[in-house]
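>>> quick check, what structure comes out for this input:
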Amino acid sequence: MRDLPIELVNAIVQDVSATVDLLHIRSLNRSYKELVTPRAFSKLHIKNSIQSAQNCLQIIGVASLAIHVREVVYDSRDNEHFRLLLDNVDSVDAVSELEEVMTNAFCGITALPRIESVVLNFWPSFLCQESGREVCENPFWFINRQLTLLHAIHHGMETSRMTTLSLNNVILPTTGYDFVSSLTNSPLSHISVSVVSNAEVSAWSASNSINGSLGALLPPSNPTLKSIVLRSPQGAYHSLTTRLSSFYYPSLESLVLENIIFDHTPSFDGVEEFVLRHKDTLQRLELQSCACYVPDSATDVRQWSNIWKRWAAELTSLTELVVKDGDYRYVFLDADRGYIPHVKVSTLVYEDDSSSLQVFKEGITAGQVAAV
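Numbering: from 1, shown residues only. Just a heads-up that it's a prediction; the model follows:
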């Protein structure tokens, strides 16, 4: 391969995705090094280990490499199911050392002049430096590590040009995220937050009220944010402490909600009003498996049809609505089983909901836009 024309090598490199292969090509000679370096270091993968964080710091410390980094991805794991284990083993010293070196690494993104995106995946285990084994974390250490790393990345964001932030497997305690409010001048245009469901958190905490506000990690109101994704992919998420009334993004165009529970009574702090507050700019709205909360089995439900009708009347800028017929429901909180389906909802209610959704979609279509 050393004797191949540089044009052919360039074509080959464009089809190579594995970093280890790119680094091998890069080591062949100086010409290949100059050709491959921008691609090989455009994305930094950091495993949840001390050694990986130290390697990241070394790259950040070399200006000729740091200038090529566009994205940092923390602890990406393919096909792994998130699970908080009750029987776990941890080492206070190992966790503390891991937190320290990870904090330094994420604070160091300020030295990446072309950073655009950061993806943080949180898993309740780490690779032990001494034994080389995967060690399960105590859930409370896991939450503390999340807080520490999120604080570090927000510190780095204050002076970086990062525009995209994705956070996965986040547990939202009711306190601890005050540092987010300092992020007043960030160029952030997209944020995605995937939270751990109520059921998963309740299983180890024995509490149905530990979940904090969905707005805990949303940046202060600013003119740059255009896209928000709030997800709970492994089950329903609801918080009695959700406070969204202070959040307004005058450029918001896209909002995705998955497995988010809407409050029974509309309020300025709720999700329903948050959507309406952006009626002048919101162009795309997607709901996946969302539900309306019912305080108890004896209380009348707040029908989805009422929400569809309100949004149809006020979301005049909407050009795309993604809601599958029937992919919305009603739930109530059972003391023993958590959030469960409300089975006493009549067929007439669901028919009214479906009809109102269809009218909503037809209204969008009539404006020569797409509804799914």
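
>>> what ranges of this structure fall below the confidence cut-off?
1-35, 85-92, 204-210, 368-372 (pLDDT under 70).

>>> now do the phi/psi pair for the residue nearest to the spatial centre of it.
Centroid check for the chain by C-alpha atoms, centre = their mean gives residue 193 as the closest residue, at 2.2 Å. With angles defined as degrees, to the nearest 10, residue 193 sits at phi -130, psi 120.

>>> quickly list what it is bridged to.
Taking DSSP bridges as the rule, residue 193 bridges to residue 167, residue 230.

>>> how much space between it and residue 159?
According to C-beta to C-beta, to the nearest Å, residue 193 and residue 159 sit 22 Å apart. Every C-beta, even on glycine, is put in place using the N, C-alpha and C of the backbone.

>>> residue 143 now?
Distance of residue 143 to residue 159, given as C-beta to C-beta: 27 Å.

>>> tell me which of these two has more neighbours.
It is residue 143, of residue 143 and residue 159, that has more neighbours when counted by other C-beta atoms under 10 Å, with 23 against 12.

>>> how about the contacts made by the more buried one?
Residues near residue 143 by C-beta atoms under 8 Å, 6 or more residues apart in numbering: 171, 173.

>>> what residues sit buried inside the one helix or strand it maps to?
If you go by DSSP states H and E, residue 143 is part of helix 139-157. Buried residues in helix 139-157, counting neighbours by 16 or more other C-beta atoms under 10 Å, are found at 139, 141-157.

>>> from the middle of its chain, how far away would it be?
Centre-to-centre, helix 139-157 and its host chain are 14 Å apart (C-alpha atoms, centre = their mean, to the nearest Å).

>>> isn't residue 123 up against residue 169?
Yes: with contacts counted by C-beta atoms under 8 Å, residue 123 reaches residue 169, the gap being 6.5 Å.

>>> more neighbours, these two?
Taking neighbours as other C-beta under 10 Å, residue 123 and residue 169 compare with residue 169 leading, 22 against 19.

>>> how about the more buried one, phi and psi?
When read as degrees, to the nearest 10, the backbone of residue 169 gives phi 70, psi 50.

>>> the closest residue to it other than its chain neighbours: how many residues sit nearby?
Nearest non-adjacent residue to residue 169, counting by C-beta to C-beta, 6 or more residues apart in numbering: residue 122, 4.3 Å away. Neighbours of residue 122 under the rule other C-beta under 10 Å: 21.

>>> for residue 362, same thing?
11.

>>> which neighbouring elements make contact with the helix or strand hosting it?
Assigned by DSSP H and E, residue 362 belongs to helix 347-366. Secondary-structure packing of helix 347-366 (3 or more C-beta pairs under 8 Å, 6 or more residues apart in numbering; DSSP states H and E): helix 304-314, strand 320-322, strand 370-371.

>>> between those, which one is closest to residue 102.
Of all those, it is strand 320-322 that lies closest to residue 102, at 36.0 Å by C-beta to C-beta.

>>> buried ones in stretch 95-108?
Using 16+ other C-beta under 10 Å as the test for burial, stretch 95-108 gives 95, 98, 99, 101, 102, 103, 105, 106, 107, 108.

>>> scratch that, stretch 223-230 is what I was asking about
Buried residues in stretch 223-230 (16+ other C-beta under 10 Å): 225, 226, 227, 228, 229, 230.

>>> not counting residues beside it along the chain, what's closest to residue 129?
Distances taken as C-beta to C-beta, 6+ apart put residue 50 closest to residue 129, at 4.5 Å, once the chain neighbours are dropped.

>>> show me where the stretch 1-150 of the chain has its strands.
43-46, 71-74, 117-121, 125-127, 134-136 (DSSP state E, counting those that start in this stretch).

>>> need those in a markdown table with distance to residue 199 and mean neighbour count, can you?
Supplementary listing: the strands of the stretch 1-150 of the chain in a markdown table, determined by distance: least, C-beta to C-beta, whole Å; neighbours: other C-beta atoms under 10 Å:
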| stretch | distance to residue 199 | mean neighbour count |
| --- | --- | --- |
| strand 43-46 | 29 | 19 |
| strand 71-74 | 25 | 21 |
| strand 117-121 | 20 | 19 |
| strand 125-127 | 20 | 21 |
| strand 134-136 | 19 | 17 |
